[in-house]
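**Student:** below is the sequence, then the predicted model.
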Amino acid sequence: MRKKITLIDYGVGNILSLQRALEFLSLNVEITSEPKKIEQSSYLILPGDGAFGFALNNLKKKKIFDLILNHVLNSKPLFGICIGMQLLMSESNEFGKFKGLDIIKGKIIRIKKSIKNKVPAIGWSEILINKKYQSINSIQFEKYNKKEFYFIHSYKAVPENEKHIIGHYFHGEEKIPAIIGKENIIGTQFHPEKSGKNGLDMIRKFTKL
Amino acid sequence: MIKPRLIARLDIKSEHLIKGIHLEGLKKIGNPNEYALFYYNKGVDEILFMDVVASLYSRNNLFEVIKKAGKDIFIPITVGGGIRTEADAENLLHSGADKICLNTAAINNPKLITRLAKRFGSQAVVLSVEAKKISSNNWEAYTLNGREKTNLEVNEWIRKAIDLGVGEVILTSIDCDGTGNGFDYELAARVSEICTIPLIISGGLGQILHIKKLSSKIKIDAIASARALHYKELSVASIKKFLIFNEKKNYVN
């Protein structure tokens, strides 16, 4: 039987593109907001676009918030993308103060704006893999060093523990975490489903955890 | 470092890829999905589909094209043409578009920008500005593919749209579009001074030299190319190489 990947549909983000990417990789995709299905899932993907508070409220309204925490407590793999990655953090100050899932300690802050380094940051950037990061089982992130990925965001995650930053990129002078993670949990600020072959490859690696 | 982007612009009429000059005199070129897939495989950074007649005849032929494109293209897809309501935007975003692009509707109903930005995030809302030179140092925004005057000065309109919540601007020079004779550099420089969000320059690319000239005037966030790519006057690789080469040079200076 093909492995099933559960994509959380909580009314935020371009789910269709992710679904298409997973199908392109011949994976069995389940798109759901049903608590029962999320509870029984083995691989969870938390997508997202737009504002942190709106996304967070939807997670809570649909009673998915605690299920994600349980999923992580059971050491099952979780992949957060863009806002989905930011939700893994402790808190955000985007349009108010919000407490996130607190799976990775740290906060979300706004990227500094200048006429040379515009916000939202939109486009492709090479990422640099850090030397010391907490390994995520079998994934060798080094192969993504200096590979390009597609970013579109105005806020960035700042994990307290440097070890949780797997890779970063620079927006002007500002260092921005691109991949964060620990144990079985990965978060990417970029959109792997919009980052061509390298992005698809990273999604495939996650589904092999 | 975020690199300057190359966006392949595909103007569409009744499911055909077309291209005109000065946004007029449209000529059929081929199948938009085949062209989009070709550009994706060649390493283009983004795809822009523009339904050029949707605003005129109140119809939207883009859905099938976008749905098909999403199956094998894994880079950002922006869609414009005929978007008038929140429901139009939602339908497109749910069909596989990452961003939607507004011109006529934004000018007729500026509040729509704010509603869409609040609902889908600023990053999903692109303002399309079709600019025509009226006199020296004066450009006006047009609607309906360069047919209708609005009496809005370009910078004034862009400033307002940024305040209303757009996340990106695509600036098309009606005078240069489809000519291959180079960008409207003065227009680009003028808008670049006030545009605090990413700016896509569209209209006029025909030679590599045009990129060099543009990058001497502004820090390029992105350029869009239609004609030069469709007629194979320039390749994706050569444009990207020059975009990045000139960017690096600017940083050293």
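**Tutor:** Okay, I see it.

**Student:** and the longest strand seen in chain A, how far out from the chain middle?
**Tutor:** If you go by DSSP state E, chain A has its longest strand at strand A:174-182. The chain centroid and the centroid of strand A:174-182 are separated by 10 Å, computed with C-alpha atoms, centre = their mean, to the nearest Å.

**Student:** stretch A:133-149 too?
**Tutor:** 14 Å.

**Student:** return the set of buried residues in stretch B:71-87.
**Tutor:** Within stretch B:71-87, the residues that qualify as buried are B:73-84, counting by 16 or more other C-beta atoms under 10 Å in any protein chain shown. Glycine gets a C-beta too; all of them are placed from N, C-alpha and C.

**Student:** out of those residues, which one has the lowest pLDDT?
**Tutor:** Of all those, B:Gly82 carries the smallest pLDDT score, 85.

**Student:** give the buried residues for stretch B:17-24.
**Tutor:** Neighbour count says stretch B:17-24 has B:17-20, B:22-23 buried, by 16+ other C-beta under 10 Å.

**Student:** including secondary structure, distance to A:Ile203 and pLDDT, could those residues go into a markdown table?
**Tutor:** Listed next are the buried residues of stretch B:17-24 as a markdown table, based on DSSP: H, G, I helix; E, B strand; the rest coil; distance: C-beta to C-beta, whole Å; pLDDT from 0 to 100:
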| residue | secondary structure | distance to A:Ile203 | pLDDT |
| --- | --- | --- | --- |
| B:Leu17 | strand | 30 | 94 |
| B:Ile18 | strand | 35 | 91 |
| B:Lys19 | strand | 35 | 86 |
| B:Gly20 | strand | 39 | 80 |
| B:His22 | coil | 43 | 79 |
| B:Leu23 | coil | 39 | 73 |
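
**Student:** so where do the helices sit in the stretch 51-200 of chain B?
**Tutor:** B:54-57, B:62-72, B:86-94, B:104-108, B:111-120, B:154-164, B:185-194 (DSSP state H, counting those that start in this stretch).

**Student:** contacts for the last one, please.
**Tutor:** Think helix B:185-194. B:129, B:131, B:133, B:137, B:139, B:154-155, B:158-159, B:169, B:171, B:173, B:199, B:201, B:213-214, B:217-219 (C-beta atoms under 8 Å, 6 or more residues apart in numbering or on different chains).

**Student:** recalculate using a threshold of 7 Å.
**Tutor:** Residues from elsewhere that reach helix B:185-194 (C-beta atoms under 7 Å, 6 or more residues apart in numbering or on different chains): B:131, B:139, B:154-155, B:158-159, B:171, B:173, B:199, B:201, B:213-214, B:217-218.

**Student:** quick revisit: quick one: the helices of the stretch 51-200 of chain B as CSV, columns for mean pLDDT too.
**Tutor:** Putting the helices of the stretch 51-200 of chain B into CSV (pLDDT from 0 to 100) gives the following:
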stretch, mean pLDDT
helix B:54-57, 61
helix B:62-72, 89
helix B:86-94, 89
helix B:104-108, 95
helix B:111-120, 91
helix B:154-164, 98
helix B:185-194, 97
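
**Student:** quick one: closest of these to B:Leu234.
**Tutor:** Nearest of the helices of the stretch 51-200 of chain B to B:Leu234, taken as C-beta to C-beta: helix B:185-194 at 18.0 Å.

**Student:** by how many degrees do the closest one and helix B:154-164 diverge?
**Tutor:** Relative orientation of helix B:185-194 and helix B:154-164, computed by axes from the mean of the first three to the mean of the last three C-alpha atoms, to 10 degrees: 30 degrees.

**Student:** quick check: buried residues in helix B:185-194?
**Tutor:** B:185, B:187-188, B:190-192.

**Student:** show me how far it is from its chain's centre.
**Tutor:** With C-alpha atoms, centre = their mean, you get 16 Å for helix B:185-194.

**Student:** next one: stretch B:162-169
**Tutor:** 14 Å.

**Student:** check contacts around the closest residue to chain B within chain A.
**Tutor:** Nearest residue of chain A to chain B: A:Gly50, at 3.4 Å (C-beta to the nearest C-beta). Applying C-beta under 7 Å, 6+ apart, one finds that A:Gly50 lies in contact with A:12, A:83, B:120-121.

**Student:** near chain A, which residues of the stretch 1-150 of chain B show up?
**Tutor:** Taking C-beta under 7 Å from any C-beta of the partner chain as the contact definition, the stretch 1-150 of chain B meets chain A at B:1-3, B:5, B:45, B:70-71, B:74-76, B:93-94, B:96, B:98, B:120-124.

**Student:** helices or strands up against the helix or strand where B:Leu37 lies?
**Tutor:** Here B:Leu37, judged by DSSP states H and E, is contained in helix B:32-42. Contacts defined by 3 or more C-beta pairs under 7 Å, 6 or more residues apart in numbering or on different chains; DSSP states H and E place helix B:32-42 against strand B:5-13, strand B:46-51, helix B:62-72, helix B:236-252.

**Student:** what's the angle between it and helix B:62-72?
**Tutor:** Orientation of helix B:32-42 against helix B:62-72 (the same axes, to 10 degrees) gives an angle of 30 degrees.

**Student:** on that earlier part again, turn the helices and strands packed on helix B:32-42 into a markdown table, including distance to A:Phe170.
**Tutor:** A markdown table is the format used below for these (distance: least, C-beta to C-beta, whole Å):
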| stretch | distance to A:Phe170 |
| --- | --- |
| strand B:5-13 | 17 |
| strand B:46-51 | 21 |
| helix B:62-72 | 31 |
| helix B:236-252 | 12 |
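
**Student:** ranking these by mean pLDDT, which is last?
**Tutor:** Note on those: helix B:236-252 shows the lowest mean pLDDT, a mean of 79.
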